[in-house]
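Enquirer: following is a predicted model, sequence given first.
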Amino acid sequence: MTTTTDHPSDFIRDIVADDLRAGKYKQICARFPPEPNGYVHIGHAKSICLNFGITREFGGICNIRMDDTNPIKEEAEYVESIMTDVRWLIDGWADKHVGGAPFYASDYFDRFYEHAVDLIRKGKAYVCDMTSEETDAYRRLGKASHFRDRSIEENLDLFARMKAGKFADGARTLRAKIDVNAANVWLRDPVLYRIRHASHHRTGDKWCIYPMYDWAHTLSDYIEGITHSVCTLEFEVHRPLYDWILSALELPEPRPHQYEFARLNLTYSVMSKRKLIQLVNEKLVNGWDDPRMLTISGLRRRGVTASALRAFAYNVGITKYPSTTDMAVLEHTMRDEFNRNAARRLAVLRPIKIVLTNYPEGKIEELDAINNPEDPKAGMRKVPFSRELYIESDDFMETPPPKYFRLRPGGEVRLKYAYIIKCDEVVKDDAGKVIELRCTVDLDSKSGGPTAARKIKGTIHWVSAAQAIDAEVRLYDRLFSVPEPDASGDFKSLINPNSLEVVTAKCEPALATAHPEERYQFERLGYFALDPDSTREKQVWNRTITLRDTWAKVK
RNA sequence: UACCCCGUGGUGUAACGGUAACACAGCGCCCUUUGGAGGCGUUAUUCUUGGUUCGAAUCCAAGCGGGGUAGCCA
């Protein structure tokens, strides 16, 4: 059984436990540092669950910090969405461990600047006038910039004028003076500040120089008293620079330390922000919260719960091996939770009408139905039964294949919670399409009746026609039709054409009072959640995930 | 090419020098008024070669394979 109550074990948690045991830190402090240039997705969820998981397990705090150092890519809209999504994900789980939120790297711009001036005074940074192309070329060759040996006074003056807006974009940079020949290229005098005359979503036009990631991130961590700065593998080679900055500035202990883990990859999906933005901008999906998107807002809209997402993060684990998790694991995690919690209801997605010729016209019975066989406390409900019903069109075949044990001409099937019926007659329209089935019902076969125990292989779901309520149901499937849409060049051509199908379903009356927070199993079909598009007049349902379908495999 | 990191069933993880295990997926059976759930069984694993050791998935070395980095993005 999957739970999130067990404390996971992984190399990061081992380090944290060791540090605490050794008294290296009094309390641990982690952080989740998104750049507000897109929506957070399930890969971020892994990171959020790691960072907040650590702090709740070891008694610390975790800051949410917008890493907003690049004004031309970042927007306030994204800050909003990120906060909403993170809070939703950790609500009731780690929300007590949020360090006062949100923090912004941009709030530290003045301090970053002071530290930069300090670095120049220490002779460990210089203003460089080379173009970006020259810088690249020199760095590749391990060659020193012509401007590397400027005097401290000149550097101070130039840097002040950079800040004052005296130079054009790209004209100069502030660079750390480390080692132009270092084996690790991030130590070859990396750029710390660049000139960008652009409005920032929070600081407006106050600045025209903006700090680079390494400078801002390291100092933000230090300023906030972060103990364990956990990031993904691609920052591994930046760690020596992270450590260099802290020691070059001679910042007092305790200092933060950076650790890296492998980001989440999932089959049948793309995860890069760039590709998600393309899907949205090119209208290949209906926005960031399209239920087919693996954004947190998309998953939420689809009906996935925060606890299921957390369970998924737990199941996936934390390592340094760049693995790809099977989408089936995510799907299993959903089913596992919903099976335990979701109330069962009867709904027919693709209705075909049935008339019970020997059942009295006008008679309505209220039959007992079990709300959740996994949870006796969920109780029972009444379901109306009458002469005219709908069943799933998949549950009838005129010439069925072997091992098909649903309804067929002359065959019998059990209607769940009701009677056994026999198909006597198939009614077709002029085009030969089956439009109605005329059946007889074994009136003794109801629960508790004399023939209730008759062995019938098939049991199908149904809805009484007169009492049924119509609802729009959106049937979602995996967005991509191949396991690795990233592998080839054009991921957009690999979108699953059947990733969304919309039907008008016939639902049992109890569904009229369905609650948006609840998850429902439409028996034999899958788990469903109400979409925000629902109105009082018309419900809109999203299929979160189908039930396992072993029959589909037999076919 | 250089530097860094990583290699455990099909997939994802555990085992922290002492019997290689769990989950997902697959297959088979049982059960079932959900072809769901559940139960039972089953297939299949330490990249290679050396070394250290009484003993190696674990430590060391080399090789091979994979990933990352080489933006004035983060």
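Expert: Structure's in. What do you need?

Enquirer: just checking, what's the longest helix in chain A?
Expert: helix A:42-58 (DSSP state H).

Enquirer: which parts of the stretch 101-250 of chain A are helices?
Expert: A:109-121, A:132-141, A:152-163, A:213-223, A:239-248 (DSSP state H, counting those that start in this stretch).

Enquirer: the inter-axis angle of the fourth one versus helix A:109-121?
Expert: Helix A:213-223 and helix A:109-121 meet at an angle of 110 degrees, taking axes from the mean of the first three to the mean of the last three Cα atoms, to 10 degrees as the criterion.

Enquirer: what is helix A:213-223 packed up against?
Expert: helix A:109-121, strand A:191-195, helix A:239-248 (3 or more Cβ pairs under 8 Å, 6 or more residues apart in numbering; DSSP states H and E). (Each C-beta comes from the backbone N, C-alpha and C, glycine too.)

Enquirer: quick one on the thing from earlier: so which of the helices of the stretch 101-250 of chain A is the most surrounded?
Expert: By mean neighbour count, with neighbours taken as mean count of other Cβ atoms under 10 Å, helix A:213-223 ranks first of the helices of the stretch 101-250 of chain A at a mean of 23.

Enquirer: rounded mean pLDDT for it, please.
Expert: The predicted model gives helix A:213-223 an average pLDDT of 98.

Enquirer: need the helices of the stretch 101-250 of chain A in CSV (columns: distance to A:Leu279).
Expert: Formatted as CSV, these follow (distance: least, Cβ to Cβ, whole Å):
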stretch, distance to A:Leu279
helix A:109-121, 33
helix A:132-141, 30
helix A:152-163, 38
helix A:213-223, 26
helix A:239-248, 33
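
Enquirer: before we move on, back to that, quick check: what element follows the longest helix of chain A along the chain?
Expert: strand A:61-66 (DSSP states H and E).

Enquirer: any idea of the mean pLDDT for that following strand?
Expert: 98.

Enquirer: list the contacts of A:Cys49.
Expert: A:89, A:309-310, A:313-314 (Cβ atoms under 8 Å, 6 or more residues apart in numbering).

Enquirer: rerun that using 6 Å as the cut-off
Expert: Counting by Cβ atoms under 6 Å, 6 or more residues apart in numbering, A:Cys49 touches A:310, A:313.

Enquirer: any idea how far it is from A:Ala529?
Expert: 21 Å (Cβ to Cβ, to the nearest Å).

Enquirer: quick one: the helices and strands packed on helix A:213-223 as TSV, columns for distance to RNA strand B and mean pLDDT too.
Expert: Formatted as TSV, the helices and strands packed on helix A:213-223 follow (distance: least, Cβ to the nearest atom of the strand, whole Å; pLDDT from 0 to 100):
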stretch	distance to RNA strand B	mean pLDDT
helix A:109-121	11	98
strand A:191-195	4	98
helix A:239-248	8	98
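
Enquirer: reformat the ones you listed as a markdown table; add distance to A:Leu356.
Expert: Formatted as a markdown table, those follow (distance: least, Cβ to Cβ, whole Å):
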| stretch | distance to A:Leu356 |
| --- | --- |
| helix A:109-121 | 75 |
| strand A:191-195 | 77 |
| helix A:239-248 | 72 |
